[in-house]
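Student: Need a 3D model of the sequence below.
(4 chains)
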Protein chains: 4
Amino acid sequence: MHHHFIPTHYFRSLGPFAPVLRVRSGDSISTTTVDASGSDLNGVNVTPRGNPQTGPFYVEEAEPGDTLVVKLDRIQPNRRSGWARSVVAPNVVDPSFVKQLPDAPLAEWSVDIDCGTATLESPLSNLGRLTIPLEPMLGCFGVAPLRQQAISTATSGEHGGNMDYRGFVTGTTVFFPVFEPGGLFFLGDGHAAQGDGEIVGTGIEISMDVTVTLRVLKGKTIQWPRGENADSIFTVGNARPLDQCLQHATTEMLRWLEQDYELESLGANLLLSQCVRYDLGNMFDPAYTMVCKLPKRFLKSG
Amino acid sequence: MHHHFIPTHYFRSLGPFAPVLRVRSGDSISTTTVDASGSDLNGVNVTPRGNPQTGPFYVEEAEPGDTLVVKLDRIQPNRRSGWARSVVAPNVVDPSFVKQLPDAPLAEWSVDIDCGTATLESPLSNLGRLTIPLEPMLGCFGVAPLRQQAISTATSGEHGGNMDYRGFVTGTTVFFPVFEPGGLFFLGDGHAAQGDGEIVGTGIEISMDVTVTLRVLKGKTIQWPRGENADSIFTVGNARPLDQCLQHATTEMLRWLEQDYELESLGANLLLSQCVRYDLGNMFDPAYTMVCKLPKRFLKSG
Amino acid sequence: MHHHFIPTHYFRSLGPFAPVLRVRSGDSISTTTVDASGSDLNGVNVTPRGNPQTGPFYVEEAEPGDTLVVKLDRIQPNRRSGWARSVVAPNVVDPSFVKQLPDAPLAEWSVDIDCGTATLESPLSNLGRLTIPLEPMLGCFGVAPLRQQAISTATSGEHGGNMDYRGFVTGTTVFFPVFEPGGLFFLGDGHAAQGDGEIVGTGIEISMDVTVTLRVLKGKTIQWPRGENADSIFTVGNARPLDQCLQHATTEMLRWLEQDYELESLGANLLLSQCVRYDLGNMFDPAYTMVCKLPKRFLKSG
Amino acid sequence: MHHHFIPTHYFRSLGPFAPVLRVRSGDSISTTTVDASGSDLNGVNVTPRGNPQTGPFYVEEAEPGDTLVVKLDRIQPNRRSGWARSVVAPNVVDPSFVKQLPDAPLAEWSVDIDCGTATLESPLSNLGRLTIPLEPMLGCFGVAPLRQQAISTATSGEHGGNMDYRGFVTGTTVFFPVFEPGGLFFLGDGHAAQGDGEIVGTGIEISMDVTVTLRVLKGKTIQWPRGENADSIFTVGNARPLDQCLQHATTEMLRWLEQDYELESLGANLLLSQCVRYDLGNMFDPAYTMVCKLPKRFLKSG
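Tutor: Numbers count the residues shown, from 1 in each chain, chains lettered A, B, ... in the order given. A predicted model of the protein is given here:
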């Protein structure tokens, strides 16, 4: 079944809140998200800033210990301009270099969906009108966390949250552990494009039209978000420092290979040894994000 | 001028040692490297294990404060088999998962240069005979460090060293700060292929035929290794934790953009904001490695 | 006014929950806490494990932006035995050493309040019946967090939580930022004694009789928990890695010295330069804890 | 035998350099050290800045795999004034706070050995003439490192080096692993007093008269520096981040307890569980330092 959902209120944490819509496993939802500052497709501020989330959506079949599968069917900017910070955050340069960072006006980027580009509008610098390809993605999405916590959309964890990974684009499938009945899926914080690490603290922040398909894997338990796209499978670790992100993601990948790909422990290790890839998600939030990735072509050898 | 150099002894640290050959800026050197365990093209162990280095090469024009440019003209395995560890290192998984890592026999990989593949030889696991593409690279190379230190080839720093970055392949140009007269360039630790992070502690370790061209940029001072290939420019940060690697590399990239690309500080920041990419080098050594990368196509907008 | 409060239910996260008692600034509360596993003074399990909290207590005058002052008037074990883990956690040893850690039975410690000692009961090892001094403390306490979050008692943050600092003993005064109306003060997780870092994941876990006096500093805003005892003032940073804990705590101490001790910025820096002390709280939880401390005798020089 | 040694040159790295004096196990050496900037007892600069080291001293019996025992018999400032930085380093505050740190003039401290005090001389701030107790200590000392490395006195490692631990005072005994024949003991970087963490990058830097007694433990192999004073035994971990320092130090303490105190593994873990203490050495250098400490009175229970 396909639902069309128009949000009327938003959440700035992921938690065990009253669902806005109940759906069944296999259903699709088309909805909208506001940008990180709470502004909608008309640029009107409709809710306080801080990665406001659409949802939560309750999936009837989902119970703690299951896995919620989220197919990102469509992530499309629904207005013509986005905004971004313009100066790298003090935590991503040498501490002794921080004093050399310039002041930080916001940058406006115009978004041309037909051309698939974003162009730096304002003549803030001698950089000129930089034009880059659109790569629309969701920065913050996930499920209600473990132990009935309500965790701010400024950070991330086993439940997902503000991961800011450039791989969360149209066509990607994401897997979340279910901690609460119904799973309680939230989404928001769309970026028209983003650099690795979200090192200025924003991508090109924009409101989105989003369609997702939600499905429940009964009795399948995972520890950290996982994903799959045309080329790769991947796991996501959210923590600090980056070392620990990588540890979480690598451990989850080993579990995945052993549990679902009929590899014994040594086989899973050997496969990663020369084939593993890592991507950087967010290095701005309280919890950073790293992704452990395995090209699918190597799985075929298995 | 093109030199052919046959090594007779090797070093296991990068330091202010007596040069084995003196060359001029612009000269090329064809030589060989032994594998990480000290074995040569015949599989004969000729020197103790630990990333033994060929060199150092003294470049006449190089003085402290200059930059040494190393063009990797050719990195080619010179034998038909390599070896690798097969189990991920305990520091790349969750501490609570370490006890579940299996024991770690070495794996043999056969290397087919004509087909451009490496194939897992030994039936250690149920993985079968995994075949992956060759990506011959240098794991450990660089110059004599600052302050007349002699630093083990097990680690890395501003001088380069054991960075284990998959981008150090044929065709890449690498820039090192010069700390000692002559620069004193060392090279070794070839990998037929390697996963990101070198998370098992080795790539597919193999001896190599290597050709490099060395050139000096007089009066050009850099802080960390830099590189350039067909698509990108990049900077390298070596430290722990990964957060600090990223800080070093990002800071060095901002310096580069401001000094050499006519961007003022805000322009350099804006360019990185949505265009930066990061790669993981080594997450096994005492110092880890991360790479800050900028696609060249965005520089053209500048 | 002095309240006696007998808890009937407990919370395993600190959040904006319905208060169990409303008090006024200056009131004292005598109550009890169960141990980390949810067992009370009779050793009866009355609530699920995980640092269950007594409270929350609503202080009438407290509004967001104020500071809640908690005087720890009395922290006294109310039964004769506590339990503890006996083996250090895998994250506090070298990753390569984890496989050498033994299996981990729980240890029973008998607690003699008159003698002020705890004695290792069970002959688990050749250590014998180790006897150590009691140092009764609260491991986990604090207020409802920022942004209406509900954060697990397994971790800590600006709101306090599971800090496991040996300095939280009878006689210490602790200051928390107020994020929710009423402050919403929680307490639990008593330890009869504890090593620095809580490196086995527990102290000697025991139920307690606790008396606290709560007071509100109107219009006084702080960022991180602060404390004071007979000898020192201190600030608490909760994060990962320890480096970041120390950064938070040191920054908060500089703010404190500048705002409340009539020191300009350079004076505050100079005072810390040769006089600062650091203590380790927890290095077991998702967020670790470090304490920045300044002996009061140096403040008198100011 | 007691040697009096007057240094004529100094080293800014610890490495396999020509010894300045050969002694036998059990011999004592009285000598002097210059301050971190290379100035001697007369305030005359005699060598370039950077923790210049007196030594190395060759101990006849010491061979790789042995332990060198260094008794710090006397560490006494030999002039009346020291200097210090006055502003905390950017890496010990929140990155977002760095821009608020003031500029950093050096501070002069007058040192009164008879009164046992150091007094802030210059009226840099409104702090006034702060007076603190002398606690003369060595900031940087150790032996030639593993693998014939030469490692800068700006950092530290298994060989010791720039640890800046307030516990390295008169009366303390320190144990170093021997990596080179003769051990090659270096010492320097005296501090009249220092705050924990050396968070401004210096203690009160001063030249010293030092007497040490050197002894060799044949066939005794340790991994990291260890120490002993009247109250405690301790181990030292040097690395980044602090988490890893703590891991190294805790692991070394477990080894010590198991090897030398007749505790089996579980006993050693149990002893640390509730009795361990941690101190912070340096959090300024490339490698930080943490100390794992066990009060001797608990060892008597063993």
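
Student: Closest residue of chain A to chain C?
Tutor: When scored by CB to the nearest CB, chain A has residue A:150 as its residue closest to chain C, at 4.3 Å. The way it works is simple: take the backbone N, C-alpha and C, and place the C-beta from them, glycine included.

Student: you'd agree that residue is up against residue A:14?
Tutor: Yes: assessed by CB atoms under 8 Å, residue A:150 is found in contact with residue A:14 at 7.0 Å.

Student: Residue numbers of the stretch 201-302 of chain A in contact with chain B?
Tutor: A:203-204, A:240-243, A:246-248, A:250-251, A:254, A:262-267, A:269-278, A:280, A:283, A:288, A:298, A:301-302 (CB under 8 Å from any CB of the partner chain).

Student: With adjacent residues omitted, what lies nearest to the residue of chain A closest to chain C?
Tutor: In this structure, residue A:150 finds its nearest non-sequential neighbour in residue A:15, 2.8 Å apart by CB to CB, 6 or more residues apart in numbering or on different chains.

Student: Now do the contacts for that neighbour.
Tutor: Shown in contact with residue A:15 (CB atoms under 8 Å, 6 or more residues apart in numbering or on different chains): A:144, A:145, A:148, A:149, A:150, A:151, C:149, C:150.

Student: residue boundaries of the helices in the stretch 101-250 of chain A?
Tutor: Secondary structure of the stretch 101-250 of chain A (DSSP state H, counting those that start in this stretch): helices located at A:242-260.

Student: where does it dip in pLDDT?
Tutor: Scanning the stretch 101-250 of chain A for pLDDT under 70 picks out no residues.

Student: which parts of it sit against chain C?
Tutor: By the rule CB under 8 Å from any CB, the part of the stretch 101-250 of chain A lying against chain C is A:146, A:147, A:148, A:149, A:150, A:151, A:152, A:239, A:240, A:241, A:244.

Student: Most neighbours out of those residues, which is it?
Tutor: residue A:151 (29 neighbours; other CB atoms under 10 Å in any protein chain shown).

Student: doesn't residue A:14 make contact with that one?
Tutor: Yes: the pair residue A:151 / residue A:14 is scored as a contact, 5.6 Å apart, by CB under 8 Å.

Student: Residue A:202 reaches residue A:84, doesn't it?
Tutor: Yes: with contact defined as CB under 8 Å, residue A:202 counts as touching residue A:84 (4.8 Å).

Student: Reformat the residues of the stretch 101-250 of chain A next to chain C as JSON lines; add distance to residue A:22.
Tutor: Formatted as JSON lines, those follow (distance: CB to CB, whole Å):
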{"residue": "A:146", "distance to residue A:22": "22"}
{"residue": "A:147", "distance to residue A:22": "23"}
{"residue": "A:148", "distance to residue A:22": "19"}
{"residue": "A:149", "distance to residue A:22": "22"}
{"residue": "A:150", "distance to residue A:22": "20"}
{"residue": "A:151", "distance to residue A:22": "23"}
{"residue": "A:152", "distance to residue A:22": "25"}
{"residue": "A:239", "distance to residue A:22": "33"}
{"residue": "A:240", "distance to residue A:22": "36"}
{"residue": "A:241", "distance to residue A:22": "40"}
{"residue": "A:244", "distance to residue A:22": "36"}
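
Student: Closest to residue B:131 out of those residues?
Tutor: Distance to residue B:131 across those (CB to CB) is lowest for residue A:244, with 33.1 Å.

Student: The closest one and residue C:280, how far apart?
Tutor: Going from residue A:244 to residue C:280 by CB to CB, to the nearest Å gives 18 Å.

Student: which stretches of the stretch 201-302 of chain A form strands?
Tutor: With DSSP state E, counting those that start in this stretch, the ranges of strands along the stretch 201-302 of chain A come out as A:208-217, A:226-228, A:232-239, A:277-280, A:288-295.

Student: Please apply the same query to the stretch 51-200 of chain A.
Tutor: Using DSSP E, counting those that start in this stretch, the strands of the stretch 51-200 of chain A run over A:53-59, A:67-77, A:81-84, A:107-112, A:117-120, A:131-133, A:137-143, A:151-152, A:156-157, A:160-162, A:173-177, A:183-191.

Student: which other helices and strands contact the fourth one?
Tutor: Right, the one you point to is strand A:107-112. Strand A:107-112 sits against strand A:81-84, strand A:117-120, helix B:265-275, with contacts defined as 3 or more CB pairs under 8 Å, 6 or more residues apart in numbering or on different chains; DSSP states H and E.

Student: The stretch 1-150 of chain A against chain D: which residues are in contact?
Tutor: Counting by CB under 8 Å from any CB, the stretch 1-150 of chain A sits next to chain D at A:89, A:90, A:91, A:95, A:96, A:98, A:99.

Student: Which pair of the residues you listed spans the longest distance?
Tutor: Spatial extent of the residues of the stretch 1-150 of chain A next to chain D (CB to CB) is set by the pair A:89 and A:96 at 15.5 Å.

Student: So the two - more neighbours on which side?
Tutor: Neighbours of residue A:89 and residue A:96, each counted by other CB under 10 Å, are more numerous for residue A:89; the result is 22 against 13.

Student: I'd like the distance from the closest residue to residue A:214 other than its chain neighbours to residue A:138, if you could.
Tutor: Of all residues not flanking residue A:214 in the chain, residue A:59 sits nearest, at 5.2 Å (CB to CB, 6+ apart). Taking CB to CB as the measure, residue A:59 and residue A:138 are separated by 18 Å.

Student: nearest to residue B:72, of the residues of the stretch 101-250 of chain A next to chain C?
Tutor: residue A:241 (31.1 Å).

Student: how far does stretch A:211-227 sit from the chain's center?
Tutor: When C-alpha coordinates are averaged (CA atoms, centre = their mean, to the nearest Å), stretch A:211-227 and its chain have centres 14 Å apart.

Student: So for it, what gets flagged as buried?
Tutor: Under the neighbour-count criterion of 16 or more other CB atoms under 10 Å in any protein chain shown, stretch A:211-227 has A:211-217, A:220, A:222, A:224-227 buried.

Student: okay, how far is it across it, tip to tip?
Tutor: 17 Å (CA to CA, to the nearest Å).

Student: And chain A, split by domain according to the record?
Tutor: Structural domains annotated on chain A: A:2-81+A:134-217, A:226-299, as defined by automatic domain parsing.
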